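*Asks:* A predicted structure for the sequence below; I have some questions about it.
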Amino acid sequence: MGKAVSTLTLRKYKEEGRKIVCLTAYDYSTAKILDRAGVDVILVGDSLAMVALGHKTTHAVTVEEMLHHTKAVTRGAEFALVVADLPFMSYQVDVTQAITNAGRFVKEANAQAVKLEGATEHNLMIVERLVGMGIPVMGHLGFTPQSIHGLGGTRVQGRTADEALSLLADARALEKAGAFSVVLEMVPSAVSRIISKKLKIPTIGIGAGAECDGQILVTDDLLGKYVDFKPRFVRRYANLDEVCTDAIRQYAHDVMNRDFPNDAESFVFPEDEEQDLLRKLNAQPVG
Ligand code: KIV
């Protein structure tokens, strides 16, 4: 493996036309697999609310929960850049709240960057302040799950020329504020192509076509492990739901048929010790 990935590495990759590979992780063993496989950026996404905690939206996850999972991921990631999502209502109230919470991800959980959704004046101010303090920020535009209710559901964003222009303006504003990259979610391919060309910082697409500078997916979607629903933009590279269910059924079968554990999976008590034990037990008073 090469050197650890930094925000500068990602910028260089964009300049070289080398695509950036990003995935989500919420735990140590998954982070290790992604890191070993050469993933550039591991996002501890607030999608963990749905995928790991079983909520219907991303809203419920707390800063404490995100910190807990981010700590596990950073223990497993040696090379990949770890970005932690700032959860819903952890940065929207005021800039002090945003800085305090973002700082915890770096200080307590070892994250190298944080991500926030949208490019409101408030958010741009947060980005500027965090970047000024040495905390890199990834933006997130297009469909922003924390605003699902305000957006009227899970829908493609930037479908008209005016909407596309507004997305471009937001992306430029994030770049100007100092963001090191921006996720574009559920945006028509032509729009993300234009945005990617106009920005110096890398765009990371999810449901945004092939011409973003990088791609991200939720790892559990890619592995077919989270199957509550499958967004159109997900490509499944495995069917872990089926693989795991089959393996666990086989385990249950083996336990019930006294086939697990076998001798090789158990620890031996020496024969002479067993005889001695039986003798000693027999010599004990009954009861
Ligand atoms: O929370 C998440 O997992 C995300 C991405 C998939 C971009 O924000």
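*Replies:* In hand now; what should we look at?
*Asks:* what about stretch 206-215, how long is it end to end?
*Replies:* Taking CA to CA, to the nearest Å, the span from the opening residue of stretch 206-215 to its closing residue is 6 Å.
*Asks:* contacts only, for the closest residue to the ligand within the stretch 51-200 of the chain.
*Replies:* Residue nearest to the ligand within the stretch 51-200 of the chain (CB to the nearest ligand atom): residue 183, separated by 4.8 Å. (Each C-beta comes from the backbone N, C-alpha and C, glycine too.) Taking CB atoms under 8 Å, 6 or more residues apart in numbering as the definition of contact, the neighbours of residue 183 are 115, 138, 139, 140, 141, 142, 203, 204, 205, 206, 216.
*Asks:* how far away is the residue nearest to the first one when sequence neighbours are not counted from residue 25?
*Replies:* What it means is residue 115. Nearest in space to residue 115, with sequence neighbours left out and distances taken as CB to CB, 6 or more residues apart in numbering, is residue 138 at 4.2 Å. Plainly put, residue 138 is 15 Å away from residue 25 if you go by CB to CB, to the nearest Å.
*Asks:* now for the residue in the stretch 1-150 of the chain positioned nearest to the ligand: which residues touch it?
*Replies:* Residue nearest to the ligand within the stretch 1-150 of the chain (CB to the nearest ligand atom): residue 45, separated by 2.2 Å. Residues counted as contacts of residue 45 (CB under 8 Å, 6+ apart) are 24, 26, 85, 115, 218.
*Asks:* closest one of the contacts of residue 183 to residue 17?
*Replies:* Relative to residue 17, the closest of these is residue 203; by CB to CB it sits at 13.2 Å.
*Asks:* give the buried residues for stretch 91-105.
*Replies:* For stretch 91-105, a neighbour-count test (16 or more other CB atoms under 10 Å) marks 91, 92, 98, 99, 101, 102, 104, 105 as buried.
*Asks:* go on, stretch 16-25?
*Replies:* So for stretch 16-25, counting by 16+ other CB under 10 Å, buried means 19, 20, 21, 22, 23, 24, 25.
*Asks:* also stretch 177-196?
*Replies:* Buried, per 16+ other CB under 10 Å, within stretch 177-196: 177-188, 191-196.
*Asks:* what's the average pLDDT for that stretch?
*Replies:* On average, the pLDDT along stretch 177-196 is 98.
*Asks:* strands of the chain, residue ranges please.
*Replies:* Along the chain, the stretches classed as strands by DSSP state E are 20-24, 41-44, 81-85, 113-115, 137-142, 181-185, 203-206, 214-217.
*Asks:* what's the closest of those strands to residue 280?
*Replies:* strand 41-44 (54.8 Å).
*Asks:* list the neighbouring strands of that closest one plus their orientation.
*Replies:* Applying DSSP bridges to the sheet, strand 41-44 is found paired with strand 20-24 (parallel), strand 81-85 (parallel).
*Asks:* returning to that earlier point: show me which of the buried residues of stretch 16-25 neighbour the ligand.
*Replies:* Counting by CB under 6 Å from any ligand atom, the subset of those that neighbours the ligand consists of residue 24.
*Asks:* dump the buried residues of stretch 16-25 into JSON lines; add pLDDT as well.
*Replies:* As requested, the buried residues of stretch 16-25 are exported to JSON lines (pLDDT from 0 to 100):
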{"residue": "19", "pLDDT": "98"}
{"residue": "20", "pLDDT": "98"}
{"residue": "21", "pLDDT": "98"}
{"residue": "22", "pLDDT": "98"}
{"residue": "23", "pLDDT": "98"}
{"residue": "24", "pLDDT": "98"}
{"residue": "25", "pLDDT": "98"}
